[in-house]
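S.K.: Sharing a sequence plus its predicted fold:
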Amino acid sequence: MTSELVCFAPGCRARYPIREVIYNCTRCGGLLEAVYSGIHKPAAELKKLWRERRMSNAPLDQSGVWLYREIIPFLDDERHVVTLREGNTPLLPAPRAAEYGGLGALVFKHQGFNPTGSFKDNGMTCGTAQALSLGMKRVACVSTGNTSASMAAYASAAGLQPVIFIPHGNISYGKLAQALEYGAKTFQVEANFDQILALVRVLAEKLGIYLLNSINPFRIEGQKTIVVEMMDQRDWRVPDWIVLPGGNLGNTSAFGKALREMKELGLIDRLPKLAVIQAEGAAPFFDLMQQADRAQLHAVGHPETLATAIKIGDPVSWPKALHEVVTSGGVVQKVTEQEIADAKAVIGLCGIGSEPASAATLAGIRKLTAAGVMARDADVVAVLTGNVLKDPDYIYRYHTGQLDDPHGTRLKSTFGNQPVVVPNDAGKIAAMLE
Ligand code: F0G
């Protein structure tokens, strides 16, 4: 079995050793991906092995990422793995959300059940393992919240120093609190996500800090296991659609790569369609898909959405994501702030809950079924990428009719649920409940 880093650009495909500290192709500037040759085990054997590991108490087997280590074989020494038992996230049927989305049935794969509350943990366990195997001492990322919380936790668990950069005033307190608690050196920069990513890349190079944004190909490897686990949980029955929110587009890239590789290995017999949903004020990938030649993504200079996790105007992974969406026969949709807010409340009413970016999935499904793009009887899995507790302020404002969109326009509290102030009086409260 060999593994190497290969330039994603079709006309280049330059190759680099797997242990080179490199984030972009030095020849053409393209994105890099881990490529393996010689994963020889037959599909049936892999499926059996992965099932058997569920009975094991070994840390690697208890991780929902490293359980599937045959599909991410970039590490030559498993002692570099630091696991917080990431992955292992449930598939949750949600009839009420299905009805709202115009579907007969809908299942959510909830990545918010991860140790730090988002899908980032799937990637971060791999990024951290690679940092350790490269002998790095410090790791860095820019983040609107989830990446920083995840990186801080995994880096500290691994004995590395986490250094995080966040847009000043644009991160939820819960997420900032996690980063501080996990011991990250934290810089709040007065710039947006895209600008800070450029800054961090310069600093990482200058100071020899390992970069753990989703441009890092090893994070993408870890995030592949989200859909591997999804297929395993479905006994390898391929859904018609997988729906996910799109920001920097790392997850879209990871899902597409995983699906292609699973098909090549004979683990699945066809590809599901990917539906990527963006917020209207931060939808450069949606715009790209409307272009005739799709040759160049035009960045949105001032992305705007209350769904801060996808408030990204210049997504680095767009060439990969474009390839994956097109290969799967999928689509990109955009949704409004009102649509996200209402869909989020409906997910809450299912007893499930999510942060706002995740809810873009249900809002997108509703649009896609209404347009006839997604059949009402389609078999659909939507990925909720983050935990309901990410943006509690958003939730409180929505339910109390105080949520304004980024332009200051008040959103309708369609499914509002106001708390009621009552006197300390059993009789009066009983009367109100009757
Ligand atoms: N959903 C959640 C909950 C996220 O935190 C993110 C990204 C996305 C979706 C978008 O995923 O970039 O792979 O398309 N959050 C980053 C962060 C920006 O800093 O935590 P993508």
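M.R.: Okay, I see it.

S.K.: Could you pull out the strands in the chain for me?
M.R.: Using DSSP state E, the strands assigned to the chain run over residues 2-7, 15-17, 32-37, 91-93, 107-110, 138-142, 161-167, 185-189, 210-211, 241-245, 273-279, 331-335, 380-384.

S.K.: got the CA positions of stretch 285-305 in CSV?
M.R.: Extracted C-alpha coordinates of stretch 285-305, given in CSV (Å, rounded to 0.1, in the frame of the first residue of the first chain):
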residue,chain,number,x,y,z
PHE,A,285,-20.7,28.2,-5.1
PHE,A,286,-24.4,28.5,-6.0
ASP,A,287,-23.4,31.3,-8.4
LEU,A,288,-20.6,29.2,-9.9
MET,A,289,-23.1,26.4,-10.7
GLN,A,290,-25.2,28.9,-12.7
GLN,A,291,-22.3,29.9,-15.0
ALA,A,292,-22.1,28.2,-18.4
ASP,A,293,-18.4,27.3,-18.1
ARG,A,294,-17.9,27.1,-14.3
ALA,A,295,-14.3,28.0,-14.9
GLN,A,296,-13.7,30.4,-12.0
LEU,A,297,-15.5,31.0,-8.7
HIS,A,298,-16.2,34.7,-8.1
ALA,A,299,-15.8,35.4,-4.4
VAL,A,300,-18.4,37.3,-2.4
GLY,A,301,-16.5,40.2,-0.9
HIS,A,302,-18.8,40.7,2.1
PRO,A,303,-20.6,37.5,2.9
GLU,A,304,-23.6,37.9,5.1
THR,A,305,-25.7,35.4,7.0
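
S.K.: tell me which residues of it are tucked away?
M.R.: F285, F286, L288, M289, L297, V300, P303, E304, T305 (16 or more other CB atoms under 10 Å). Using the backbone N, CA and C atoms, a C-beta is placed for each residue, glycine as well.

S.K.: Hmm, L322 and the third one touching each other?
M.R.: Translated: L288. Yes: L288 is in contact with L322 according to CB atoms under 8 Å; the separation is 6.7 Å.

S.K.: Need the overlap of contacts for the two.
M.R.: Listed as contacting both L288 and L322 by CB atoms under 8 Å, 6 or more residues apart in numbering are R294.

S.K.: Okay, and which of the buried residues of stretch 285-305 map to helices?
M.R.: Per DSSP state H, helices hold the following members of the buried residues of stretch 285-305: F285, F286, L288, M289.

S.K.: Turn those into JSON lines, columns for distance to Y210.
M.R.: Shown next, in JSON lines, are these (distance: CB to CB, whole Å):
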{"residue": "F285", "distance to Y210": "27"}
{"residue": "F286", "distance to Y210": "32"}
{"residue": "L288", "distance to Y210": "30"}
{"residue": "M289", "distance to Y210": "33"}
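
S.K.: Kindly indicate which of those residues lies nearest the ligand.
M.R.: Proximity of these to the ligand was ranked by CB to the nearest ligand atom; the top entry is F285 with 8.7 Å.

S.K.: quick revisit: tell me which two in the buried residues of stretch 285-305 are the farthest apart.
M.R.: Using CB to CB, the two most remote members of the buried residues of stretch 285-305 are M289 and E304, lying 19.9 Å apart.

S.K.: just the CA coordinates of stretch 378-389, formatted as PDB?
M.R.: The C-alpha coordinates for stretch 378-389 follow below in PDB (Å, rounded to 0.1, in the frame of the first residue of the first chain):
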ATOM      1  CA  ALA A 378     -36.700  10.100  -2.600                       C
ATOM      2  CA  ASP A 379     -34.500   8.400   0.000                       C
ATOM      3  CA  VAL A 380     -32.800  11.400   1.600                       C
ATOM      4  CA  VAL A 381     -30.200  11.800   4.400                       C
ATOM      5  CA  ALA A 382     -29.500  15.300   5.500                       C
ATOM      6  CA  VAL A 383     -26.300  16.000   7.500                       C
ATOM      7  CA  LEU A 384     -26.700  18.300  10.500                       C
ATOM      8  CA  THR A 385     -23.200  19.500  10.900                       C
ATOM      9  CA  GLY A 386     -23.400  21.100  14.400                       C
ATOM     10  CA  ASN A 387     -25.000  21.100  17.800                       C
ATOM     11  CA  VAL A 388     -28.100  23.100  18.800                       C
ATOM     12  CA  LEU A 389     -26.100  24.800  21.500                       C
END
